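Enquirer: here's a sequence, model it:
(one chain, ligands or ions: 2)
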Amino acid sequence: MVGEANVPMLPAAPSVVWSASVNGRTEEVLAPSNAILLDVLRDRVGQLGVKRGCDLGTCGCCAVLIDGEPRLSCMTLAGDVAGASITTVEGLADGHHLAPIQSCFAEYGGSQCGFCTPGFLVAAQALLNKTTNPSDEDIAEAIEGNLCRCTGYQPIIDSIKAAAEVLRGEADRVEPRTHPHADPHPAGQDEPNLPPGHAR
Ligand code: FES
Ligand code: FES
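Expert: Ligands and ions are numbered 1, 2, ... in the order given. Sure, this is the predicted structure:
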């Protein structure tokens, strides 16, 4: 009888200490032993730049670098990457200074609503870490796992090409004209006591 069905509850996974280097900082947090990396990064470590899009491995919003390689954090068990070096979109900037890929996305329209942008930035940075002279095919391959509903992709490709030019030294560092996203200290020193975007 339906009313007598007795489905045994599975015991919750025990919490364990999870530790890794996240954006250059050693993080140690308690998390279920079967936790997904996306959840640990957002809910335990507080890196909210890692976006939850599909949770199915199809949109690329949750991409992070793990030991330099782009991986989907929604498809990664946190326990499998304990001890690794993880870079989220928050870790791409150099302190208060945007990375060229970030400046170029802002300048060339690679980001519109912005939800997909962290994943694209991470995928693009992984490519640019390997080569500053990517071909069109290299760029297409690097971002093939990332979906964007806004830009039509061409501005994203233009942004990546522009960042490659900056990294090759063939173009000046791009400073977005759009206030308030402009780098407040394009050539100056970091001001560690102020949050990004707040100049004296
Ligand atoms: S949330 Fe991970 S691929 Fe979509
Ligand atoms: S900028 Fe909106 S989904 Fe890509």
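Enquirer: from here on, contacts and neighbour counts on C-alpha atoms
Expert: Fine.
Enquirer: give me the low-pLDDT residue ranges for the chain?
Expert: Residues of the chain meeting the criterion pLDDT under 70: 1-4, 173-200.
Enquirer: please parse it into its domains.
Expert: Described in terms of automatic domain parsing, the domain architecture of the chain consists of the residue ranges 15-89, 100-167.
Enquirer: how about the ones you listed in JSON lines, adding mean neighbour count and distance to ligand 1?
Expert: Written out in JSON lines, the entries for the domains of the chain read as follows (neighbours: other CA atoms under 10 Å; distance: least, CA to the nearest ligand atom, whole Å):
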{"stretch": "domain 15-89", "mean neighbour count": "19", "distance to ligand 1": "3"}
{"stretch": "domain 100-167", "mean neighbour count": "20", "distance to ligand 1": "8"}
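Enquirer: could the ones you listed go into TSV alongside distance to ligand 2?
Expert: Listed next are these as TSV, based on distance: least, CA to the nearest ligand atom, whole Å:
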stretch	distance to ligand 2
domain 15-89	9
domain 100-167	4
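Enquirer: all helices of the protein, in order?
Expert: 37-39, 100-107, 117-130, 136-142, 154-167 (DSSP state H).
Enquirer: and the ones you listed as TSV, adding distance to Val89?
Expert: Below are these laid out as TSV (distance: least, CA to CA, whole Å):
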stretch	distance to Val89
helix 37-39	13
helix 100-107	9
helix 117-130	5
helix 136-142	16
helix 154-167	15
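Enquirer: and stretch 28-36, how far out from the chain's middle?
Expert: When distances are taken as CA atoms, centre = their mean, to the nearest Å, stretch 28-36 is centred 20 Å away from the chain's centroid.
Enquirer: next: stretch 77-96.
Expert: 8 Å.
Enquirer: now the end-to-end length of that stretch.
Expert: Using CA to CA, to the nearest Å, the end-to-end distance of stretch 77-96 comes out at 31 Å.
Enquirer: kindly report the same for stretch 53-71.
Expert: Between the start and the finish of stretch 53-71 there is a gap of 14 Å, counting by CA to CA.
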